[in-house]
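Q: need the 3D shape of this:
(one chain, ligands or ions: 1)
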Amino acid sequence: MRAIVVETPGDPEVMHLGEVPDPIPDRGEVLVRTRATAVNRADTLQRRGLYPPPPGASEIIGMEVAGEVEALGEGVDWCHTGDRVMALLAGGGYAERVAVPAGQLMRVPDGMSWTDAAAIPEVFLTAHDNLFTRGRLGAGETVLIHGGGGGVGTAAIQLAHRAGARVLVTAGSAAKLQRCRELGADGGINHREEDFVARSRDLTDGRGVDVILDVMGASYLARNLDALAPDGRLVVIGLMGGTITDIDLGLMLRRRLSVLATTLRGRPVEQKTEVVRRFVEDALPGFADGSLRPVVDRVLPLAEAAAAHRAMENGENVGKLVLSVD
Ligand SMILES: NC(=O)c1ccc[n+]([C@@H]2O[C@H](COP(=O)([O-])OP(=O)(O)OC[C@H]3O[C@@H](n4cnc5c(N)ncnc54)[C@H](OP(=O)(O)O)[C@@H]3O)[C@@H](O)[C@H]2O)c1
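A: Numbering: from 1, shown residues only. From the prediction side, this is the model:
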């Protein structure tokens, strides 16, 4: 089959289409014929040699696909060949075929295109798990979503708004903040021009926010803790601002704050299956009733994966960069 291969880690141009052996589905897995995949930040790190796939996962970049079920491994009985599915992957998405644990599959909502469906799994599952299961965000609470214009951000805004939370976002331009408002954000903060701690306090009558979904890590930790209301929860899912910093435990004690940090990719299949199950039950119907929609910035052919990586690294995208696979 054809797949994007990287012989030497580096800039986007190290990615090129090559021939690799077809995957064979193991027990409990399904072979999917990929029709579209999508780009995630982690893909750009993997391409540079900074984020190896977890043990046992495909070496091919790509953490999500939409496509047709082509074959079933032993012990899989809930889907059939030809079914339209979208999948969360530990790797292997930038390819014509991928083997996926059956619990990581979801049915594509009726009438949805392959390229829209491929924009859903990684960012919507990440946002759903971290906002609700980890962050325990409830209706009537206020959430601050950093990087609101990104793939995870655009999914998180919609999910939090749909759940009845008040949504504040940070983004790096007026145009991105406007797109965030169109998706359901109630307040926007330009992180290049404004202090998000002071602004989020202004926007909550001085109280602070209940939950923060953070993609920056170390560079935002102190300010994130400062922006939280009593009993607030900081959920760190990205480390674009580094990994190591000091932490004020006194502030955490006084305000009863929690800091959680997690990644979806490295979790065991059973945990991913549970993340998918919760999302399917709670949120998937939102794509049919119009309360949720995939946000696709642009679609490029798989052979142009390098251009898509460049666009993400330049911060051009609002929502997802999707790659179509013929
Ligand atoms: N833990 C997990 O399981 C998991 C899963 C998926 C993704 N992630 C992580 O989540 C992050 C987002 O991923 P993605 O695929 O959505 O990437 P993306 O589409 O590139 O989104 C990242 C966004 O962050 C914004 N940003 C950059 N610097 C910022 C700052 N100082 N303050 C606020 N926003 C800033 C960027 O644009 P602007 O600066 O122009 O606003 C961009 O919109 C990445 O760090 C990724 O590794 C984690």
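Q: please make it C-alpha for all contacts and neighbour counts, starting now.
A: Will do.
Q: just the CA coordinates for the top helix by length along the chain, please, in CSV.
A: The residue-count maximum for a helix in the chain (DSSP state H) belongs to helix 269-282. The C-alpha trace of helix 269-282 is given here as CSV (Å, rounded to 0.1, in the frame of the first residue of the first chain):
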residue,chain,number,x,y,z
VAL,A,269,-6.7,0.0,24.5
GLU,A,270,-9.2,-0.6,27.3
GLN,A,271,-9.0,3.0,28.4
LYS,A,272,-9.3,4.4,24.9
THR,A,273,-12.3,2.1,24.3
GLU,A,274,-14.0,3.7,27.4
VAL,A,275,-13.2,7.2,26.2
VAL,A,276,-14.8,6.3,22.8
ARG,A,277,-17.8,4.7,24.5
ARG,A,278,-18.5,7.8,26.6
PHE,A,279,-18.1,10.1,23.6
VAL,A,280,-20.4,8.0,21.4
GLU,A,281,-23.1,7.9,24.1
ASP,A,282,-22.9,11.6,25.1
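Q: so the strand or helix carrying Gly153, near the ligand or not?
A: Following DSSP states H and E, one finds Gly153 within helix 151-162. Yes. Using C-alpha under 6 Å from any ligand atom, we find that helix 151-162 touches the ligand at Gly151, Val152, Gly153.
Q: can you list these in JSON lines and add neighbour count and pLDDT?
A: Formatted as JSON lines, those follow (neighbours: other C-alpha atoms under 10 Å; pLDDT from 0 to 100):
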{"residue": "Gly151", "neighbour count": "29", "pLDDT": "98"}
{"residue": "Val152", "neighbour count": "27", "pLDDT": "98"}
{"residue": "Gly153", "neighbour count": "26", "pLDDT": "98"}
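Q: now, which of the residues you listed sits nearest Val280?
A: Nearest to Val280 out of the residues of helix 151-162 next to the ligand is Val152 (C-alpha to C-alpha; 17.4 Å).
Q: correct me if wrong: the closest one contacts Thr126.
A: Yes. With contact defined as C-alpha atoms under 8 Å, Val152 reaches Thr126; the gap is 7.1 Å.
Q: show me which residues of the stretch 101-250 of the chain are close to the ligand?
A: Residues of the stretch 101-250 of the chain lying near the ligand (C-alpha under 6 Å from any ligand atom): 123, 126, 146-147, 149-153, 170-173, 191, 215, 237-240.
Q: 8 Å - rerun?
A: When proximity is defined as C-alpha under 8 Å from any ligand atom, the stretch 101-250 of the chain approaches the ligand at 122-123, 126-127, 146-154, 170-173, 176, 190-192, 214-216, 236-241.
Q: in helices, which of those fall?
A: Reading helices off those with DSSP H, I get Glu122, Val123, Thr126, Ala127, Gly151, Val152, Gly153, Thr154, Lys176.
Q: can you put the residues you listed in CSV and add distance to Thr44?
A: Formatted as CSV, these follow (distance: C-alpha to C-alpha, whole Å):
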residue, distance to Thr44
Glu122, 15
Val123, 15
Thr126, 17
Ala127, 20
Gly151, 14
Val152, 15
Gly153, 18
Thr154, 19
Lys176, 21
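Q: for the following helix or strand past the longest helix of the chain, which positions count as buried?
A: Counting by DSSP H and E, the next helix or strand C-terminal to helix 269-282 is helix 285-289. Neighbour counts using 16 or more other C-alpha atoms under 10 Å place Gly286 of helix 285-289 among the buried residues.
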